[in-house]
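Participant: take a look and give me a structure for this.
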Amino acid sequence: MAVLSVRPAEFCRGLLLALDASEGRRRRRQRDTTADAIGLTLKRELLERAVADDPEPDAFEGWLVEQCLAAADTVSVGAARAVALDVFGEWRLAVASPEFAAWLARGAPSADAS
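Facilitator: Residues are numbered from 1 along each chain as shown. As a prediction, the model looks like this:
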């Protein structure tokens, strides 16, 4: 796997911008989106902590595990793990795909953000 040149905090800033598009899509749905909102909130909180902590790239996976363990007092471990796995999967995609990493670096532009 290639070494990602962006720090986790920068990567997570891009994902936070991409969440805005997800939130825009969620608000327009004609069904109950409570579960979606909960998942997006958990992901947003995790990404905001990553931006604040800015773990080293080679320690990001371990940092995510620590966040899951720390979250056990406030949310289900399964929910925290699912969100962390999602973020880690996107991290790996950014490592493998310069196009995805560049899209995040551009602020994750999307017509769905409004």
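
Participant: could you find the closest non-adjacent residue to residue 88?
Facilitator: Leaving aside its chain neighbours, residue 88 sits nearest to residue 64 (5.6 Å; criterion: C-beta to C-beta, 6 or more residues apart in numbering). In this view, the C-beta of every residue, glycine as well, is placed from N, C-alpha and C.

Participant: for that neighbour, list the residues it contacts.
Facilitator: 46, 84, 87, 88 (C-beta atoms under 8 Å, 6 or more residues apart in numbering).

Participant: buried stuff in stretch 7-25?
Facilitator: Within stretch 7-25, the residues that qualify as buried are 7-8, 10-23, counting by 16 or more other C-beta atoms under 10 Å.

Participant: name the residue closest to the centre of this structure, please.
Facilitator: residue 87 (4.4 Å; C-alpha atoms, centre = their mean).
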